[in-house]
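> Requesting a structural model of the entry that follows:
(4 chains)
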2 protein chains.
Amino acid sequence: MSANKFPVESLRDRKRRQTRERIIETAFALFMERGFDVVTVDEIAQRAEIGRTTFFRYFGDKQEVVFSTEDDFLRALTAAMRDAPTEPLQDLAQALATSRRLLLAICTEAARNPGHYAVYHRLVKQHPELEDRHTRKTRHYADLLEKHLIDHGTPPATAVLAAQLTVACYQAAWRLGSHDATAVLREANDAFDLLLGATAA
Amino acid sequence: MSANKFPVESLRDRKRRQTRERIIETAFALFMERGFDVVTVDEIAQRAEIGRTTFFRYFGDKQEVVFSTEDDFLRALTAAMRDAPTEPLQDLAQALATSRRLLLAICTEAARNPGHYAVYHRLVKQHPELEDRHTRKTRHYADLLEKHLIDHGTPPATAVLAAQLTVACYQAAWRLGSHDATAVLREANDAFDLLLGATAA
DNA sequence: GTTCCAAGTGGTACTCAGTACCGTAACATG
DNA sequence: CATGTTACGGTACTGAGTACCACTTGGAAC
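Now for the predicted structure:
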């Protein structure tokens, strides 16, 4: 019973989730209000009514709070990978078609709560260190993408390039789509069209 | 006389250059020997026979030492931009051709001292925070590239994408070319061939 | 319920990066 | 040689992140 696959959320788990959410809310509010670097962890902890130590138990560092939704994206990506048709992927065009679908799965997930995305976008764009971290996350997706392609028969060099080109389309969309998740989604699509349009021509 | 366009390097200037180089050498040696994060600024300063304060006068932060050759790359890029033929750049293929030439200019500059590049490469690959910073630099090049394209008549959306695709080729090369500057140069070329080959097919 | 264990919490104390400030030494200029 | 400017090193501070410890709380079993 208790060893169920979907165990009932225990009191402990619920409390943990609540504190986690309280930290995120508090931190985002403070960051938006006064800027990322001037807000101290002490301050977040106080307002969230936890100890400083506890903050670092929930998040590895101050930056990590900003990227708290990353797990959802990862879940969306792996789900999309699981559901992806296992067609052979030899050349770049085929690899790109698959990559495109996977990228759109992530963007769609991001578009599920546009409010949060808008705030995230603004925050990251204003702070180089946060943008550094953002691209680290992107790099991680690229790695997963690359692995997926290779596992499905794409030659390594092609897979690496396809993954990076996909990142390029996303980055272009990120630059062009201002604060708006669905706009980013649309721009990413356009970027792929432009890229593949060159292919067709 | 002293207000010459190429003023004779004064004693001060020479000393400054020397300490700067001493810091870089010391820091790289220590980083390679024991790893970036465990080496403290205090230690670098002591071994380089300067005060801790002085270190931060030469470099904004600990990471910045690692990227001390960045200026050379920037010079190479802007020089290449200056010398680039001012042909019209309307479509993506044209924009990519130009971007490719500019990227190769940077890689060529990097290949001018392969020893340093190898060390740099290893250091950055082993430390996520350094790789974050490395991509920040790359992002900066992308911005300059994008601006150059737009200034020469490329439509914004195309320019943004072209710049990002160029970054993609570089990143792919960076992943594939292990520790070797000329290998990275070659891989970047191959990536472009693959990308444009898809275009031609 | 009582007991017991595991997990979560908050405090203290520490290291290190980075900043501000200040007095002093070294170079440049006349 | 006298003067102003620039570089230097030291002190003292803030804030991030870590290690450790004593305490509390939730879960489970008897």
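> what about the residue lying closest to residue A:52 once chain neighbours are set aside, how many residues close to it?
Closest residue in space to residue A:52, ignoring its immediate chain neighbours: residue A:45 at 4.7 Å, by Cβ to Cβ, 6 or more residues apart in numbering or on different chains. For glycine as for every other residue, the C-beta is placed from the backbone atoms N, C-alpha and C. When neighbours are counted by other Cβ atoms under 10 Å in any protein chain shown, residue A:45 registers 19.
> Wait, residue A:45 touches residue A:54, no?
Yes - between residue A:45 and residue A:54 there is a contact under Cβ atoms under 8 Å: 7.0 Å.
> Model confidence at the residue nearest to residue A:52, what's the number?
For residue A:45, the pLDDT comes out at 98.
> what's near enough to touch it?
A:51, A:52, A:54, A:55 (Cβ atoms under 8 Å, 6 or more residues apart in numbering or on different chains).
> I'd like the distance from the second one to residue A:40, if you could.
Here the criterion is Cβ to Cβ, to the nearest Å. By it, residue A:52 lies 9 Å from residue A:40.
> quick one, what contacts residue A:100?
So residue A:100 contacts A:166, A:169, A:192 (Cβ under 8 Å, 6+ apart).
> Throw the contacts of residue A:45 into TSV and include pLDDT and secondary structure, thanks.
Output for the contacts of residue A:45, formatted as TSV (pLDDT from 0 to 100; DSSP: H, G, I helix; E, B strand; the rest coil):
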residue	pLDDT	secondary structure
A:51	98	coil
A:52	98	helix
A:54	98	helix
A:55	98	helix
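> So which residues of chain A form helices?
Per DSSP state H, chain A carries helices over the ranges A:11-34, A:41-47, A:52-58, A:62-66, A:70-83, A:92-110, A:114-126, A:128-151, A:156-176, A:181-200.
> what's the closest of those helices to DNA strand C?
helix A:52-58 (3.2 Å; Cβ to the nearest atom of the strand).
> and that closest one, how far from the chain's centre?
Relative to the chain's own centre, helix A:52-58 is displaced by 23 Å; criterion: Cα atoms, centre = their mean, to the nearest Å.
> Pull out the buried positions in it.
Buried residues in helix A:52-58, counted by 16 or more other Cβ atoms under 10 Å in any protein chain shown: A:55, A:58.
> before we move on, what about stretch A:182-193?
Neighbour counts over stretch A:182-193 (16+ other Cβ under 10 Å) mark A:184, A:185, A:186, A:187, A:188, A:189, A:190, A:191, A:192 as buried.
> what's in contact with that stretch?
A:96, A:100, A:103-104, A:107-108, A:110-111, A:114, A:168-170, A:172-174, A:176-177, B:157, B:161, B:164.
> hmm, try it at 7 Å
A:100, A:103-104, A:107-108, A:111, A:114, A:169-170, A:172-174, A:176-177, B:161 (Cβ atoms under 7 Å, 6 or more residues apart in numbering or on different chains).
> which of those residues lies closest to residue B:12?
In terms of Cβ to Cβ, no member of those lies closer to residue B:12 than residue A:174, at 44.7 Å.
> Quick one: residues contacting that closest one.
residue A:184.
> got it, and residue A:168?
Neighbouring residues of residue A:168 by Cβ under 7 Å, 6+ apart: B:164, B:165, B:167, B:168.
> rewinding a little: between the buried residues of stretch A:182-193, which sits nearest residue B:76?
Among the buried residues of stretch A:182-193, residue A:191 lies closest to residue B:76 (Cβ to Cβ), at 28.1 Å.
> Great, nothing more from me.
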